[in-house]
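1. Provide a 3D model corresponding to the input given below.
(one chain, ligands or ions: 1)
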Amino acid sequence: MENNKESYVKIIELKEQVKKKLLHGLHPLENPLETLEYIDDIQRLGLSYYFENEIEQVLKQFHNNNNNLHRDFGDNNLYADALRFRLLREQGYFIACEVFAKYKNEKGKFKESISSDIRGMLNLYEASQMRVRREEILDEALIFTTTHLQSLVETSQLSSPYLDLVKHALMHPIRKSFQRREARLYILLYRKLPSHEELLLTLAKLDFNLLQQLHQKELNYITRWWKEFDFKSKQSFSRDRIVECYIWNYGVYFEAQTSQIRLMMTKLISLLTIIDDSYDSYGTLEELRPFTEAWMLERWDISATDNLPEYMKVCYKKCLEFFNEIEEFTKENSYCASYIKKGLQCMVRAYSKEVQWLHNKYMPTFDEYYPIGLDNAGSEELISMAFCGMGDVVTKESMDWIFSQPQPKIIRTMSIVGRLMNDIGYHKSDRRKLSKDVVASAVECYIKQYGVTDEEAIEKLNEQVNDSWKDLNEDLLYPIAIPRPLLMRVLNLVRVNHEMYREGDGFTQPTLLKNLIDTLIINPIY
Ligand SMILES: CC(C)=CCC/C(C)=C/CC/C(C)=C/COP(=O)(O)OP(=O)(O)O
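-> A predicted model of the protein is given here:
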């Protein structure tokens, strides 16, 4: 691997060339498809953060010239239509889904003939993930493309980079995916594509490897911090998941200049895990009552824990220290820390309600459970903390937006994805099967309220998760409530929730995230 200084210099030089091409070398009106493909490649290679303004300028032209460009693709270019649709919607521009009506037959079904166009089908599949409510044509497109692409994967004997992309996309659609894993994977696939551009490939590889070295150093620092804290010696039942905490935030912030917020968020999640475990696993009701009161104080004070067990004191003290660190970090925006405190209080209130149910062996109805379960998914808390890393972009109004009523749809989506996927995973896990406790969780509460089977409950809850992604998509279309860079961090937080609980409890069962950790932190790209 080249030495770091050389890599930096090369990155600067390559970036300039890409910028030039984006602004002057592409001609959206004459060559719309080539332009879109170039932007798609930049984004999928994980490089768009270098070119936000240029990409915005180019895509705006597509948006403003929608009709002209529409004609350029002709009547039968599913690949181009779907690519443009996805890129514009990802950028926040509404584009009507009726553009896909021409791919239907007289019976109102998608034409079977398009199913042999793999790249077109793949783009339509990704485009349909951008749907909002009441876009039935995109619901149908998702089913149509998923079915055909799945059968293609099962029956095809050929190996091709496109087929690899299809296999991957079926598991990880772009909209929901952990972005850095996608970048790495796309770098490996892109170099096999006949059309790849050497310059972009080199830039992407250098950038990934250089960032990875920084991430390794950070992980080193944070594991030392965790070892020195040594909470395990005070309470051995608590989950020991500092690497997973780091990965959580790496999904939200990955850039070199965001190192500090990544580490702060990692500390926050590790402390939240301790608090969660205190309520869920080992605190008694008598201990937890004053513990809850201590968090509810206007000014947190260590003396509030005088009569509490040592492990609670240690946890509370560490949080006080951590809040001093947050205040120092957000000196310029001194109002920020109070929102993080408010978010934590909201979680603790929910934990304390759940613990009463647990100790009273009471299984609530779904309606009783749901608002509490959504509150303890911690969305307001994590978003408040994430926004603190956004420097000038964040304002008091955007912090107020986090706690506004009615709750912004994208925040509700974050809670729904986290809560329901976590609870569905819990329902299927050995943890539940082996537990003698009556633990309130969405599946059990749904079964209790509606008298349905496990499978039916899970199906209904999965539907809610899918519908909530549509709401998220809507909140990300212009006009938007707060600046786009802030909303993009919220989107990343939702993606992390999805990733963590996609196949069970990735946070608690260490094997589920192992692959992700190896790919992102350990192995460079050669
Ligand atoms: C669930 C979710 C999206 C949480 C987001 C807030 C957050 C990052 C908390 C840190 C600790 C954590 C992963 C709790 C989930 O525990 P658990 O799996 O025992 O679930 P529980 O919430 O039912 O205790």
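2. which ones are touching the residue nearest to residue 197 when sequence neighbours are not counted?
-> For residue 197, the nearest residue in space outside its immediate sequence neighbours is residue 41; the separation is 7.4 Å by C-beta to C-beta, 6 or more residues apart in numbering. Placement of C-beta: from N, CA and C, glycine included. Residues in contact with residue 41 (C-beta atoms under 8 Å, 6 or more residues apart in numbering) are 190, 196-197, 200.
3. buried members of those residues into PyMOL, please.
-> In PyMOL syntax, the buried subset of the contacts of residue 41 is picked out as below (16 or more other C-beta atoms under 10 Å):
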select buried, resi 190+196+200
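4. for the residue in the chain that the ligand sits nearest to, what is the enclosing helix or strand?
-> Residue of the chain nearest the ligand, by C-beta to the nearest ligand atom: residue 418 (2.7 Å). Assessed by DSSP states H and E, residue 418 sits inside helix 409-428.
5. contacts for the very next helix or strand once past that helix?
-> Sequence order places helix 430-434 as the next helix or strand after helix 409-428, per DSSP H and E. Helix 430-434 is contacted from outside by 426, 439, 441, 505, 508, using C-beta under 8 Å, 6+ apart.
6. out of those residues, which sit inside helices?
-> Under the assignment DSSP state H, the contacts of helix 430-434 contribute residue 426 to helices.
7. isn't residue 196 right next to residue 189, touching?
-> No - in this structure, residue 196 is not within contact of residue 189 by C-beta atoms under 8 Å, at 9.3 Å.
8. quick one: residue 488 from residue 350, how far?
-> From residue 488 over to residue 350 the distance is 27 Å, taken as C-beta to C-beta, to the nearest Å.
9. tell me which parts of the stretch 201-350 of the chain are close to the ligand?
-> 269, 272-273, 276, 280 (C-beta under 6 Å from any ligand atom).
10. swap the cut-off to 8 Å and go again
-> Residues of the stretch 201-350 of the chain found near the ligand (C-beta under 8 Å from any ligand atom) are 239, 241, 245, 248, 269, 272-273, 275-277, 279-280, 347.
11. if we can go back for a sec, can I get the contacts of helix 430-434 in a markdown table with distance to the ligand and neighbour count?
-> Converted to a markdown table, these look like this (distance: C-beta to the nearest ligand atom, whole Å; neighbours: other C-beta atoms under 10 Å):
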| residue | distance to the ligand | neighbour count |
| --- | --- | --- |
| 426 | 7 | 20 |
| 439 | 8 | 17 |
| 441 | 7 | 20 |
| 505 | 6 | 16 |
| 508 | 6 | 18 |
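12. quick one: which of the contacts of helix 430-434 is nearest residue 88?
-> residue 505 (36.1 Å; C-beta to C-beta).
13. what does the pLDDT read for that closest one?
-> Residue 505 is assigned a pLDDT of 90 by the prediction.
14. and what of residue 70?
-> In this model, residue 70 carries a pLDDT of 54.
15. and the residue nearest to residue 44 when sequence neighbours are not counted, how many neighbours?
-> Closest residue to residue 44 apart from its sequence neighbours, by C-beta to C-beta, 6+ apart: residue 186 at 4.2 Å. Neighbour count for residue 186, taken as other C-beta atoms under 10 Å: 21.
16. same check on residue 308?
-> Residue 308 has 18 neighbours, counted by other C-beta under 10 Å.
17. from memory it sits against residue 288, does it?
-> No - if you go by C-beta under 8 Å, residue 308 and residue 288 don't touch, sitting 9.4 Å apart.
18. common neighbours of those two, please.
-> Common neighbours of residue 308 and residue 288 (C-beta under 8 Å, 6+ apart) do not exist.
19. quick one: name the residues of the stretch 1-150 of the chain near the ligand.
-> Checking the stretch 1-150 of the chain against the ligand by C-beta under 8 Å from any ligand atom, there are no hits.
20. quick one: low-confidence ranges for the stretch 1-150 of the chain?
-> Applying pLDDT under 70 to the stretch 1-150 of the chain flags residues 1-2, 66-72.
21. where do the helices sit along it?
-> Taking DSSP state H, counting those that start in this stretch as the test, the helices found in the stretch 1-150 of the chain are 4-20, 32-44, 52-64, 66-72, 78-90, 118-128, 136-155.
22. what packs against the fifth one?
-> Contacting helix 78-90 under the criterion 3 or more C-beta pairs under 8 Å, 6 or more residues apart in numbering; DSSP states H and E are the following elements: helix 32-44, helix 52-64, helix 118-128.
23. re the thing from before, output the host helix or strand of the residue nearest to residue 44 as PDB, nothing but the C-alphas.
-> Following DSSP H and E, one finds residue 186 within helix 179-190. In PDB, the C-alpha atoms belonging to helix 179-190 read as follows (Å, rounded to 0.1, in the frame of the first residue of the first chain):
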ATOM      1  CA  GLN A 179     -23.600   2.500   3.200                       C
ATOM      2  CA  ARG A 180     -20.000   1.700   3.800                       C
ATOM      3  CA  ARG A 181     -20.500  -2.000   3.300                       C
ATOM      4  CA  GLU A 182     -22.100  -1.100   0.000                       C
ATOM      5  CA  ALA A 183     -19.200   1.100  -1.000                       C
ATOM      6  CA  ARG A 184     -16.700  -1.700  -0.400                       C
ATOM      7  CA  LEU A 185     -18.700  -4.300  -2.200                       C
ATOM      8  CA  TYR A 186     -19.300  -2.000  -5.100                       C
ATOM      9  CA  ILE A 187     -15.600  -1.200  -5.400                       C
ATOM     10  CA  LEU A 188     -15.000  -5.000  -5.800                       C
ATOM     11  CA  LEU A 189     -17.800  -5.400  -8.300                       C
ATOM     12  CA  TYR A 190     -17.200  -2.200 -10.200                       C
END
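24. now, the contacts of residue 41 that are in helices?
-> 190, 200.
25. list the contacts for the residue nearest to residue 37 when sequence neighbours are not counted?
-> For residue 37, ignoring the flanking residues on the chain, the nearest one in space by C-beta to C-beta, 6+ apart is residue 83 at 7.2 Å. With contact taken as C-beta under 8 Å, 6+ apart, residue 83 is in contact with 33, 36-37, 40, 123, 127.
26. which one of those residues has the most neighbours?
-> Going by other C-beta under 10 Å, residue 127 tops the contacts of residue 83 with 30 neighbours.
27. quick one: that residue from residue 172, how far?
-> In terms of C-beta to C-beta, residue 127 sits 16 Å off from residue 172.
28. spatially nearest residue to residue 522, not counting backbone neighbours?
-> Residue 522 sits nearest to residue 216 (C-beta to C-beta, 6+ apart), 8.0 Å away.
29. so which strand or helix has that neighbour?
-> Counting by DSSP H and E, residue 216 is part of helix 198-229.
30. that helix vs helix 32-44, what angle?
-> Here the directions of helix 198-229 and helix 32-44 differ by 20 degrees (axes from the mean of the first three to the mean of the last three C-alpha atoms, to 10 degrees).
31. what separates the closest residue to residue 319 other than its chain neighbours from residue 284, distance-wise?
-> Nearest residue to residue 319 in three dimensions, chain neighbours excluded: residue 271, at 5.6 Å (C-beta to C-beta, 6+ apart). Note on residue 271: its distance to residue 284, by C-beta to C-beta, is 21 Å.
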